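> Structure, please.
(2 chains)
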Amino acid sequence: MNGSNSAQGAQNSLKADKRKLIIRGSLIAVYVLLMVVMIFIGRRHTILIDNKDAQDGSYSAINGMEVSIDKLESSEYYPGDRDKAVVQGQKHTIKISIFDNNQMIEKTFTVPLWSDMMIISVPKLVAGIEPWIEPFTVAEQIEAAQESGPPAGEMSFQSLGSTVPEGTDQAAPSP
Amino acid sequence: MSAKNTISTFFSRYAVVIIFVIITVAAIPPSGLSITYIIQEIITRLGRNSFLVLALLLPIYAGMGLNFGMTLGAMAGQVGLIFAVNYGIAGWEGLVFALLVGLPISVLLGWMCGMVMNRAKGREMVTGYILAFFVNGIYQFFVMYMLGSIIPMGNKSIVLSRGYGIRNTLNLESVRQSLDNIVMLRVAGFSIPLVTFVVIAALCVFVVWFKKTKLGQDMRAVGQDMVVAEAAGIPVEKTRIVAIIISTVLACAGQIIFLQNMGNLATYNAHDQTGFFAVAAILVGGASVTNANIANVFIGVMLLHSMFVVSPLAGQKLFGSAMIGEYFRQFIGYGVIALSLVLYAWRTRKAAANARLSLRAGVNGNGGSGGARSEGEAAANGGRA
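Alright, predicted model coming up:
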């Protein structure tokens, strides 16, 4: 009788331990889940809104338009303009109002979680050319610009002036 | 008790508050600031600092004095904010993320602090103060060397140009006033950060509720007499550790609330004076090393910060230099702590002397000497025969 009681007691304690472990485990899981949710809904992204012609001439900039993202203040864009909007979260809506034909375009897009900066080419979006939204990295842009070199007929600012600061050649050597 | 004795007790009990009220009121006219401006500043600073000062209550209830170790929690909060900025998490979500990162760190640090304080019973304040210096060294090492080298930091703009370590000042623009601005009430021309005050009110409710729980009652018992509490079966050391852990966690949250209001983080020294100013505030509010309540927190924050608002300008007008006001601010902060501690020591010594005299008078009275008894009572009552 005593033996069966102690065995039952041990079983109950095992059950309690197991329950405690499950509760603690689920609390940790909820904790981690909350952190992940905060990253998903709280991460900030910069969206560049671009209104420029294509280099290959496949599309051209829009003459005049008003663009707004989500509930942010709208801005007017003219050919060659580029501006930025800072958004939070991944899913967003862009509203474009073209002045020439009073056309209204509304599109929903998703920003990849770990992408800091994206560029939306509005002329591409209006023309229906995919992909109109692409990741944008400043370092890559500089690299690409350096690789392509200065456009013909233009001088690179690096070639301006002498490599030696002005006046240093005339300066007397220090003792 | 005579009226004279009552007044004397009142003045010795509230000496710091009275001195502070006099100095602040006297500094308002030379500062030239309008009452509206001062009230708005006090509202802002109440929202900014109250949570941090409330974090000091539980250790006082547990008889551990003023928790200078709250700096540990502040450091944990700062680590959380660094990660929130690194991952680009903005708004209130960034604050929650910072809290979630800082929480386990503050629990760990609080547990460590509690363990150390249990080995230094009776000297908790100085132990906490020195422990904060020790953990500050670890924090500096973590932020200056480990972040960016061992722990990768994706946001290069917050990393030093050498490739590791965090910059001296961190722009918290992404989370700046994100808690305050959720609902900003405009009442009679004053801006009131409603959500921040709701959070502070929730903490006050928690403190009141906590005092009524079994653990809260245990803390009071431990605070009154550790030996009696131990004899009554209360796990004294565990209770003290829990008090410090809760205080450290609250300090972590308090520092996050403080920094979101400020909008920038001095990475290597923002936490240095956290404990110092929180302690000064609660003492200015009329608390002592052994006795504090919620009212002390709010009175203290209002008084200390109204003095902080008016003193630089009063210094400039009176002495021709705003720096005088800044020195005055530091001087008052440290002075208040010193004065409170001195008054506390004086009161304790006086109470012990009174108790001794009463006891002696009682013994003599039992011996049948009526004359000796009345002499003892007179001595206990401050020499009034």
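> So, low pLDDT: which residues of chain A?
In the predicted model of chain A, residues A:1-3, A:140-141, A:144-145, A:147-175 satisfy pLDDT under 70.
> nearest residue to the residue of it found nearest chain B other than its sequence neighbours?
Nearest residue of chain A to chain B (C-beta to the nearest C-beta) works out as A:G42 at 2.7 Å. Every C-beta, even on glycine, is put in place using the N, C-alpha and C of the backbone. Nearest non-adjacent residue to A:G42, counting by C-beta to C-beta, 6 or more residues apart in numbering or on different chains: B:E93, 2.7 Å away.
> tell me the SS of the one you found?
Reduced to three states with DSSP: H, G, I helix; E, B strand; the rest coil, the structure at B:E93 is helix.
> okay, now B:N168: neighbour count?
Per other C-beta atoms under 10 Å in any protein chain shown, the neighbour tally for B:N168 reads 11.
> can you give me phi and psi for the nearest residue to it once chain neighbours are set aside?
Leaving aside its sequence neighbours, B:N168 sits nearest to B:T267 (C-beta to C-beta, 6+ apart; 5.9 Å). Main-chain dihedrals, B:T267, degrees, to the nearest 10: phi -50, psi -40.
> Could you check the pLDDT of B:T267?
pLDDT recorded at B:T267 is 95.
> so how many other residues sit close to whatever residue of chain B ends up closest to chain A?
Proximity of chain B to chain A (C-beta to the nearest C-beta) peaks at B:E93, 2.7 Å away. By the criterion of other C-beta under 10 Å, B:E93 has 23 neighbours.
> Please give me every residue in contact with it.
By C-beta atoms under 8 Å, 6 or more residues apart in numbering or on different chains, B:E93 lies in contact with A:M38, A:I41, A:G42, A:Q88.
> ok, now which ones touch the closest residue to A:S115 other than its chain neighbours?
What sits nearest to A:S115 in space, not counting adjacent residues and going by C-beta to C-beta, 6+ apart, is A:P135, at 5.0 Å. Taking C-beta under 8 Å, 6+ apart, we find A:P135 in contact with A:P112, A:S115, A:M117, A:M118, A:I119.
> Show me which residues of chain A sit near chain B.
Within chain A, the residues that sit near chain B (C-beta under 8 Å from any C-beta of the partner chain) are A:31, A:34-35, A:38-39, A:41-45, A:88, A:114, A:116.
> again, only this time at 6 Å
Within chain A, the residues that sit near chain B (C-beta under 6 Å from any C-beta of the partner chain) are A:M35, A:M38, A:I41, A:G42, A:R43, A:R44, A:Q88.
> Turn those residues into a markdown table, including neighbour count and secondary structure.
Listed next are the residues of chain A next to chain B as a markdown table, based on neighbours: other C-beta atoms under 10 Å in any protein chain shown; DSSP: H, G, I helix; E, B strand; the rest coil:
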| residue | neighbour count | secondary structure |
| --- | --- | --- |
| A:M35 | 17 | helix |
| A:M38 | 24 | helix |
| A:I41 | 14 | helix |
| A:G42 | 24 | helix |
| A:R43 | 24 | strand |
| A:R44 | 18 | strand |
| A:Q88 | 18 | strand |
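> Residue ranges of each domain in the chain, please.
Using chain A here. Here the domain assignment for chain A is A:1-42, A:44-147, based on automatic domain parsing.
> right idea, wrong chain: chain B
Listed domain ranges for chain B are B:1-31+B:300-385, B:33-284 (source: automatic domain parsing).
> Could you tell me the end-to-end distance of the longest one?
This points to domain B:33-284. Domain B:33-284 has an end-to-end distance of 22 Å (criterion: C-alpha to C-alpha, to the nearest Å).
> Ramachandran angles for the residue nearest the centre of chain A?
Geometric centre of chain A, nearest residue: A:M117, 2.8 Å, by C-alpha atoms, centre = their mean. Backbone torsions for A:M117, taken as degrees, to the nearest 10, come to phi -140, psi 130.
> Cheers, nothing more for now.
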